[in-house]
Each structure stands twice: as C-alpha cells, then as structure tokens.
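Trainee: sequence and predicted structure are below.
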Amino acid sequence: MAAPPSTASACSGERWPPLESSPDVFNQFMWSLGVPQGEAEVHDVYGLDYDVLAMVPQPVLAVIFCFPDPPEVQDMTCSQETSDDVYFIKQIESLGNACGTIALLHAVGNACSESLLDNSCLDLFFKSTASMDPYERARVFEKDDDIARAHSLAASAGDTELPDDVEEHYICFVALNGTLHELDGMNGGPIKHGSTSPESLLQDAVHIIKDIMHKIPNSMNFNVMVLSRTPK
C-alpha cells in the first residue's frame, strides 16, 4: 500500500515501485535474493473453492494476498502482538510501495529462512536483523541497496505497467506453532487468527481472505499466491 503523499513518499516511490502480483515476478525476485530455486516456488491460486485449492502444489509454506486498500482502516489493535517466534517488519512511510517485498520477506523469513544460500542477500539480512524489533528491521531494510536494486528489477519485469499511486496492498499468512498469523506491515504487529496446521494453512487463510473480499464488494482486483516447497 502506498504511503500517504509527502516529499518523502515521492522519493520512496522511486526506490520502492509497486510489484506485479505474478509468480514469475516473485520467483525470479526470490531466487535472486538467495532462496534456492529447487527449494521453494511461488504459484498462482486460480480459485477459492475447495476443489481448486486441492490442486495447489503442497506443502504450502505461506499465502500471499494482493487486494485493494479498503475504504477505511479497521482498528485491529486488540489482536496484534509482538512475538519473538514471528518474524515481522513494519512498513514505515519511507518504504513506499514495498509491501510486496515485505510480504515476500514475511513468507521466507517465517517459512524457509533455514534453507537460504549461505551469505546470500536474504541470509545476511535475516541474520543481521534477527534480534531487532519490527521498526529497527524496517530501517535496515530501507537502507539495503541490494534488496532495493532487486526490488526495482522485479518491478520492471512484470507484464503490466503499474502507476506509482497503486491502490493494492500485499499481506502474508503463515502457520507458526499451530497458529495462523496474518502479517501486514501496515499493522503494528502480527494478527492471530486461531489454530491451523501446515496441511490446512491454505484453507484457513482463505477463510480470512474471503472475509476481506466481502468487505470490498465493488472490486475484482484480488490475487492469491502461495509459496510452496518444491518436491524433491
């Protein structure tokens, strides 16, 4: 989601342009940052019915949801929390349209960071920020030129020309310690949505996704992708 208009956000929009919601874009981006190509892959979810979800490659490690900004921001402070078990980055204003990259970092950081190539961009980033709070991580992320360059290349690789003032936003869902967590950098922290498992992560996330879609009835600009482990 784009930050509120200001001089800072104009500059941040140039450094962090919007990403197209495409598995090809996210895969090349993710692999370039240090996720082994044979370890994990992003796939489209073509429908939210049970039969369609059953065709999604398993195991699903994370769910990435792109949707229009709702007309009003709902107060969900009561369900937000800071947890050492959940890797979370706050989307500060200077990060512009970095929500797609933040969603990807939330997915990788919570689901497959142990599989990253040694000394790769993400390996170094996660290790250097492991003990930081969400705002400190955001500041390190903001200044990381390697990730910013990879983000810009990914933004230019899509088939759709996206304006800087996009109205879509990315969030991520992961299963940690038997709990479904919604990770949205615009919030103060992770949001718990009850129990889940690696096997039911996609179906459980879809229940939340459908609720969000129901609250934005006049738009069709939704897209769901999954990060799945590649079969050996």
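Mentor: Looks like it arrived, so ask away. In this text, all values refer to a predicted model and were calculated from it rather than measured experimentally.
Trainee: C-alpha from now on. contacts and neighbour counts both.
Mentor: OK.
Trainee: okay, helices next: where are they in the chain?
Mentor: 7-15, 23-33, 50-53, 99-111, 121-129, 134-142, 145-157, 201-214 (DSSP state H).
Trainee: list the helices and strands the longest one packs on?
Mentor: Contact partners of helix 201-214 among helices and strands, from 3 or more Cα pairs under 8 Å, 6 or more residues apart in numbering; DSSP states H and E: helix 50-53, strand 60-68, strand 168-176, strand 179-183.
Trainee: out of the ones you listed, flag the one nearest Y135.
Mentor: Minimum separation from Y135 across these (Cα to Cα) falls at strand 179-183, 14.3 Å.
Trainee: got the angle for the closest one vs helix 99-111?
Mentor: Strand 179-183 and helix 99-111 are oriented at 150 degrees to each other (axes from the mean of the first three to the mean of the last three Cα atoms, to 10 degrees).
Trainee: what residues does strand 179-183 touch?
Mentor: 88, 103, 106, 171-175, 189-197, 201, 204-205 (Cα atoms under 8 Å, 6 or more residues apart in numbering).
Trainee: ok, 7 Å please
Mentor: Contacts of strand 179-183 with the rest of the structure, by Cα atoms under 7 Å, 6 or more residues apart in numbering, involve 106, 171-175, 190-196.
Trainee: ok, those residues vs P17, which is closest?
Mentor: I171 (16.5 Å).
Trainee: gap between the closest one and D184?
Mentor: 5 Å (Cα to Cα, to the nearest Å).
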